[in-house]
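Visitor: Compute the structure for the input listed below.
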Amino acid sequence: MDPNAPRKVADPKDLERLHRVQRRVASVLIVTTLIHLTAGLILAADAVSDDKRGAQIGLILLGGAFYAVGIGAVRAINKKPLLTWWLLTSLIPVAAGLWWVILR
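Guide: Next comes the predicted model:
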């Protein structure tokens, strides 16, 4: 650190670009983590014995709920309204999980 050569002041445009990239990276990390969590809960439901059907359905619904929370978190990080049609995509892993565990 040189007292005779102070750091230049950051440009507001550069700071905004940095924050935008940080929000995108955090969003991608959240989405990939929750996709893996949802898939893991569905696989855990598949590992539960068939005589405990309620536990299987509960794990599948819990996976769908985590997926919906993840979508809400991404929307919040990006300063968008939380209620969106994207929340309906949380029904996809629920339907896939029910098919995989119960109907297969």
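
Visitor: Quick one: mean pLDDT for the helix or strand harbouring residue 97?
Guide: Residue 97 belongs to helix 91-98 when assigned by DSSP states H and E. What helix 91-98 shows for mean pLDDT is 96.

Visitor: what packs against it?
Guide: Other elements packing on helix 91-98 under the criterion 3 or more C-beta pairs under 8 Å, 6 or more residues apart in numbering; DSSP states H and E are helix 12-47, helix 53-77. For every residue, glycine as well, the C-beta is placed using N, CA and C.

Visitor: Could you say which one of these comes nearest to residue 100?
Guide: Residue 100 lies closest, by C-beta to C-beta, to one member of the helices and strands packed on helix 91-98: helix 12-47, at 6.2 Å.

Visitor: And that closest one, what does it pack against?
Guide: helix 53-77, helix 91-98.

Visitor: ok so, going back, now mean neighbour count, distance to residue 96 and mean pLDDT too, for the helices and strands packed on helix 91-98, in CSV please.
Guide: Formatted as CSV, the helices and strands packed on helix 91-98 follow (neighbours: other C-beta atoms under 10 Å; distance: least, C-beta to C-beta, whole Å; pLDDT from 0 to 100):
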stretch, mean neighbour count, distance to residue 96, mean pLDDT
helix 12-47, 14, 7, 95
helix 53-77, 18, 9, 96
